[in-house]
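S.K.: Quick one: sequence plus predicted model below, questions after.
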Amino acid sequence: PESPVSVFHIEKKPKDNAGFYLMQRNRSIIPPNRGIKQHPTGVDNSLESVVAVVSGVLDSFNRKEFKEYVTKHGGRVVNAISNSVTHVVNDHGELGSSKLEVCALRKIPIVSEDVILKMVSDSSATDLK
């Protein structure tokens, strides 16, 4: 006797690869002012209130250099948006729609690296007074 064969069809939702393609496109962009733009040196704690997420491509830092710069000045760079994040940093490239949505919901500013550089610069000017 033949055993009954059941066939299950599992419907898969089509994958939304937009985020993947966006990431790949952003990876191909080289920071245009790397090695050209000045990075001010400030006091060690000038970024102590900053917890940043880098998204896209920065203007003059690669991600590792930016993390070292922020950490040197007392801030933190994390990989994902959480309640502690104070800034999302992006200069070139695009932010994904989900990141934009989360930033809007949590009122997290999306800033250029120049905002972070200015915070460091302003802190060293303040300490000189």
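M.R.: Looks like it came in fine. It should be emphasised that the depicted structure is a prediction, and the values quoted were computed from it without experimental measurement.

S.K.: how about the strands of this structure, start to end?
M.R.: Remark: strands assigned in the chain by DSSP state E are 51-54, 76-78, 87-89, 110-111.

S.K.: want to try CSV for these, with distance to Leu95, mean pLDDT and mean neighbour count as columns?
M.R.: Quick note: C-beta positions are derived from backbone N, CA and C, even for glycine. Shown next, in CSV, are those (distance: least, C-beta to C-beta, whole Å; pLDDT from 0 to 100; neighbours: other C-beta atoms under 10 Å):
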stretch, distance to Leu95, mean pLDDT, mean neighbour count
strand 51-54, 10, 96, 21
strand 76-78, 16, 98, 17
strand 87-89, 7, 97, 23
strand 110-111, 7, 96, 17
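
S.K.: As JSON lines, the ones you listed with distance to Asn45 would be great.
M.R.: JSON lines is the format used below for those (distance: least, C-beta to C-beta, whole Å):
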{"stretch": "strand 51-54", "distance to Asn45": "14"}
{"stretch": "strand 76-78", "distance to Asn45": "12"}
{"stretch": "strand 87-89", "distance to Asn45": "16"}
{"stretch": "strand 110-111", "distance to Asn45": "20"}
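
S.K.: With respect to Val43, which of those lies nearest?
M.R.: strand 76-78 (16.5 Å; C-beta to C-beta).

S.K.: what lines up beside the closest one in the sheet?
M.R.: Using DSSP bridges, the strands paired with strand 76-78 are strand 51-54 (parallel).

S.K.: Now tell me what touches the strand it pairs with from outside.
M.R.: Outside strand 51-54, the residues within contact range by C-beta atoms under 8 Å, 6 or more residues apart in numbering are 63, 66-67, 70, 75-81, 84-90, 116.

S.K.: and if we set it to 7 Å?
M.R.: With contacts defined as C-beta atoms under 7 Å, 6 or more residues apart in numbering, strand 51-54 is touched by 63, 66, 70, 75-78, 80-81, 84-89, 116.

S.K.: Thank you, goodbye.
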